[in-house]
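K.L.:
Turn this into a model:
(one chain, ligands or ions: 1)
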Amino acid sequence: MTILEAKNVSKVYGTRRGIEHKAIDNISLSVTKGEFVGVMGPSGSGKTTLLNVLSTIDRISAGTIEINNQDIAKLSKEKLAKFRRKQLGFIFQDFNLLDTLTIAENIMLPLTLDGWKVKDMEQRLAKVSKQLEIDTILRRRSFEVSGGQMQRAAIARAIIHDPSIIFADEPTGNLDSKASKQVMEALSHLNKEKEATTLMVTHDPFAASFCERIVFIKDGKLFNQLDKGDSRQAFFQEILNVQSMLGGDTDDLQTVRL
Ligand SMILES: Nc1ncnc2c1ncn2[C@@H]1O[C@H](COP(=O)(O)OP(=O)(O)OP(=O)(O)O)[C@@H](O)[C@H]1O
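P.N.:
I've put the predicted structure just below:
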């Protein structure tokens, strides 16, 4: 079952001097139910722009994007807000937790905004916080927990309403290697056990090695795709090989840390 279907998508930014910049150039991409897809590419290649247009945060300049057979460009502002709340889950590099709320309140926020009953919200909270092993820190505020715990709370918030697809932008970008591994294991577990369809942008080959498929972009265009075989270690090496072909981001060509 296709969850996301992007056809001939382009995104042009206008600049102050009136010069146009094509950040995404005629990309077609389809994501089926239960897939875990990574988007990689050098700095400035258009990864975040692609994620933003696919996830309804930004509008495209040309092409079509359907999520669950719904053309997202055809939704009014109000319908789009509702669609986002019900069907999409978001995970950002800097967690985006509200520090005036507890971890529990942060996680339940999508349900609170949707008018759920407290009892039902608490049931869902208990389930997702256990899955992500953060059930012991629910009463704390975000500044009282570690970065890895904050990101796992953000993942819990992204999945509590059972979205059709999760969009993650550099979810390990602010984490050390131990916390990155925990976060990627959590995303991979959700993908395998719950069939959580996930599209993740990352420049980190280690994080990318948890995906099942990687789409590489360069200068806004599709460059290559890699499918994971049986071994994450071999996949990691293949990702490094494509990255070195792509150029840029040489810091990413780090030693294996599997
Ligand atoms: N709002 C904007 N207005 C104009 N140009 C933009 C805007 N946002 C991004 N760009 C340009 O579009 C191109 C793609 O940017 P984007 O942030 O999508 O790349 P990226 O691959 O995510 O980069 P990085 O890995 O450095 O975050 C870059 O050349 C960038 O300068």
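
K.L.:
Which residues of the chain lie near the ligand?
P.N.:
For the chain, the contact set with the ligand under CB under 6 Å from any ligand atom comprises 13, 15, 21, 23, 41, 43-49, 203. All C-beta atoms are positioned from the backbone trio N, CA, C, and that covers glycine.

K.L.:
How many residues are close by Ile160?
P.N.:
Close neighbours of Ile160, defined as other CB atoms under 10 Å, add up to 21.

K.L.:
ok, it to Lys119 distance?
P.N.:
Going from Ile160 to Lys119 by CB to CB, to the nearest Å gives 15 Å.

K.L.:
Among the residues of the chain next to the ligand, name the ones in strands.
P.N.:
Judged by DSSP state E, the subset of those located in strands is Tyr13, His21, Ala23.

K.L.:
Pull out the buried members of the residues of the chain next to the ligand.
P.N.:
The neighbour-count test (16 or more other CB atoms under 10 Å) marks Ala23, Gly41, Ser45, Gly46, Lys47, Thr48, Thr49, His203 as buried among those.

K.L.:
Identify the residues contacting Arg213.
P.N.:
Contacts for Arg213 (CB atoms under 8 Å, 6 or more residues apart in numbering) come out as Glu35, Phe36, Val37, Gly38, Gln225, Leu226, Asp227, Lys228.

K.L.:
SS state for the residue lying closest to the last one once chain neighbours are set aside?
P.N.:
When the adjacent residues along the chain are set aside, Lys228 lies closest to Phe235, with 4.5 Å between them (CB to CB, 6 or more residues apart in numbering). For Phe235, the secondary structure call by DSSP: H, G, I helix; E, B strand; the rest coil comes out as helix.

K.L.:
count of neighbours near Phe235?
P.N.:
Per other CB under 10 Å, the neighbour tally for Phe235 reads 23.

K.L.:
I figured it hits Glu212, correct?
P.N.:
No: using CB atoms under 8 Å, Phe235 is not in contact with Glu212; the gap is 9.2 Å.

K.L.:
Tell me the residues that contact both of these two, please.
P.N.:
Both Phe235 and Glu212 are in contact with Lys228, where contact means CB under 8 Å, 6+ apart.

K.L.:
residue boundaries of the strands in the protein?
P.N.:
For the chain, the strands defined by DSSP E cover 2-14, 20-32, 36-40, 62-67, 70-71, 88-91, 165-169, 198-201, 213-218, 221-227.

K.L.:
Tabulate these (TSV), appending mean pLDDT and distance to Ile134.
P.N.:
Below are the strands of the chain laid out as TSV (pLDDT from 0 to 100; distance: least, CB to CB, whole Å):
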stretch	mean pLDDT	distance to Ile134
strand 2-14	96	27
strand 20-32	96	27
strand 36-40	98	21
strand 62-67	97	28
strand 70-71	96	32
strand 88-91	96	14
strand 165-169	97	17
strand 198-201	98	19
strand 213-218	96	28
strand 221-227	95	32
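
K.L.:
could you dump these to TSV with distance to Val53?
P.N.:
Below are these laid out as TSV (distance: least, CB to CB, whole Å):
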stretch	distance to Val53
strand 2-14	5
strand 20-32	7
strand 36-40	12
strand 62-67	7
strand 70-71	13
strand 88-91	13
strand 165-169	11
strand 198-201	12
strand 213-218	13
strand 221-227	14
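
K.L.:
what's the closest of those to Gly147?
P.N.:
strand 88-91 (13.3 Å; CB to CB).

K.L.:
Check which residues of stretch 233-252 are buried.
P.N.:
Neighbour counts using 16+ other CB under 10 Å place Phe235, Phe236, Glu238, Ile239, Leu240, Val242, Gln243, Leu246, Asp249, Asp252 of stretch 233-252 among the buried residues.

K.L.:
Kindly apply the preceding question to stretch 24-32 instead.
P.N.:
Buried, per 16+ other CB under 10 Å, within stretch 24-32: Ile24, Asp25, Ile27, Leu29, Val31.
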